[in-house]
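[1] Give me the fold of what follows.
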Amino acid sequence: MTYNHLFNIKKRSKPTNQWRFELSFSCLAAATCRGATFSSLQQTLIVTASPQPAQVLKAGEDEITVTWSLNSTFPAGVDSSYKTVTIKLCYAPISQKDRGWRKTVDNLVKDKTCQHKIVANKPYIFPSNNTFTSTVLRDVPTATYFIRAYAQNSEGDEVAYGQTTDSHKAVNLFEIQAITGRHVSLDIASICFSAFSIVSLFGFFFLEKRKSKASESK
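    Here you go, the predicted structure:
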């Protein structure tokens, strides 16, 4: 291999920093290396849900019905890439304060706002309204929530959304009360045991008193 040949290879080689820059730029342009951003999505879906403002639902007991459809004010074909819809429970700002594990981040891969799924990858059907009813999962923690729907393309990437609240996440909020871990049967058993203990205690004192009087009479 000649000196000139080696020299030509070095001239054609790109500096490492340039390769890194081009790779990073490609990732940002495609929004696939680091995840799509919420700010890049259009709010093309209209989403309504059964919970009333300030209503309190019980995890593991109460149901939520969600309905979503395409906002007809958008031009035809805007939903051409929509294949599935995922519905999620999302924390309201009041339940995110001082809780880093619920923090809102623009990058959807890192975002912790909507951690609890109501339904995932439901086929997107247009133009009819789409409705889904589900019982609140037992592991949902106590907090204030709203509901958000993400439209996804054939690769499962979020491409649009809709939600039951406004952009400030301040209206149409509802609460969910978590399961405490205690059941009615346990509470009843506890009450019965307490009552039995009290009755036994009084019985013990009554017997002791009778024995004491019997001994005195002798």
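[2] could you pull out the strands for the chain?
    Per DSSP state E, the chain carries strands over the ranges 45-49, 56-58, 63-70, 84-91, 116-123, 130-135, 143-152, 158-163, 174-177.
[3] List just the one of these that sits closest to residue 106.
    Of all these, strand 158-163 sits nearest to residue 106, with 12.1 Å by CB to CB. C-beta coordinates here come from the backbone N, C-alpha and C atoms, glycine included.
[4] Can you spell out which helices and strands pack onto that closest one?
    On a contact count with 3 or more CB pairs under 8 Å, 6 or more residues apart in numbering; DSSP states H and E, strand 158-163 meets strand 45-49, strand 143-152.
[5] In JSON lines: those strands, plus mean neighbour count and mean pLDDT.
    Shown next, in JSON lines, are the helices and strands packed on strand 158-163 (neighbours: other CB atoms under 10 Å; pLDDT from 0 to 100):
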{"stretch": "strand 45-49", "mean neighbour count": "20", "mean pLDDT": "97"}
{"stretch": "strand 143-152", "mean neighbour count": "23", "mean pLDDT": "98"}
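[6] Turn those strands into a markdown table, including distance to residue 59.
    Shown next, in a markdown table, are the helices and strands packed on strand 158-163 (distance: least, CB to CB, whole Å):
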| stretch | distance to residue 59 |
| --- | --- |
| strand 45-49 | 16 |
| strand 143-152 | 10 |
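[7] For residue 107, find the nearest of the strands of the chain.
    Per CB to CB, nearest to residue 107 of the strands of the chain: strand 158-163, 11.2 Å.
[8] if we can go back for a sec, adding distance to residue 76, write the strands of the chain out as JSON lines.
    Formatted as JSON lines, the strands of the chain follow (distance: least, CB to CB, whole Å):
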{"stretch": "strand 45-49", "distance to residue 76": "16"}
{"stretch": "strand 56-58", "distance to residue 76": "37"}
{"stretch": "strand 63-70", "distance to residue 76": "10"}
{"stretch": "strand 84-91", "distance to residue 76": "19"}
{"stretch": "strand 116-123", "distance to residue 76": "20"}
{"stretch": "strand 130-135", "distance to residue 76": "18"}
{"stretch": "strand 143-152", "distance to residue 76": "16"}
{"stretch": "strand 158-163", "distance to residue 76": "15"}
{"stretch": "strand 174-177", "distance to residue 76": "34"}
